[in-house]
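Enquirer: sequence and computational prediction follow.
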Amino acid sequence: MNRSPRRGMCAAILSLEAITLGLSTPVLLTLTDVSVPVGLAVGLGPAGFALLLAGALRSEGAYRAGGVLQGIAISLGVLVPMMFFLGAVFGLLWGTADLLGRKIDRRTGLLMRRLGRTGHARTAATSRSRARSSSSSVQPPKPTTRPVRSEARV
């Protein structure tokens, strides 16, 4: 089974963000004049959305929806000012995970195409370098340590 590093990293970010968004709900209800049903919807709605997105990251549209979620998390700062900061942190984490995940996926795909998707086929360059190293007459250095003396019997 081929697992995408991009998917794994982004799912981890969304899962941690869901916890953060869920924990912002009691703060939202305590510090603002928002009614309880509205506070629960505003706090737990994005948290549930983050969890759903973490499971839906097989499609490219889910990654775009994850970017929208980052904007929602930052906009919660209007009600809870600390969410400006936390939303920005998760937005940066999301962007970094997405960018690095794409780069790793691209390189992994290139490597898998070179290996013929079997994982053990050699490229021509690898075969040539192994042939050169096995035909050289250089021997590894011999160890220069002295043998260990056995301890005297008591």
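Expert: Done, it's in.

Enquirer: contacts, neighbours, all on C-alpha from now
Expert: Will do.

Enquirer: backbone phi and psi for Ser4, please?
Expert: Dihedral angles phi and psi of Ser4 (degrees, to the nearest 10) take the values phi -90, psi 130.

Enquirer: skipping adjacent residues, who's closest to it in space?
Expert: The shortest distance from Ser4 to any residue other than its chain neighbours is 6.5 Å, reached at Asp105 (C-alpha to C-alpha, 6 or more residues apart in numbering).

Enquirer: report the secondary structure state of that neighbour.
Expert: Assigned by DSSP: H, G, I helix; E, B strand; the rest coil, the conformation of Asp105 is helix.

Enquirer: quick one: residues contacting it.
Expert: For Asp105, the contacting residues are Ser4, Pro5, Arg6, by C-alpha atoms under 8 Å, 6 or more residues apart in numbering.

Enquirer: same deal with Arg3?
Expert: Under the contact definition (C-alpha under 8 Å, 6+ apart), no residues are listed for Arg3.

Enquirer: where's it, which helix or strand?
Expert: Applying DSSP states H and E as the criterion places Arg3 outside every helix and strand.

Enquirer: do the same with Ser24
Expert: Assigning secondary structure by DSSP H and E places Ser24 in helix 5-31.
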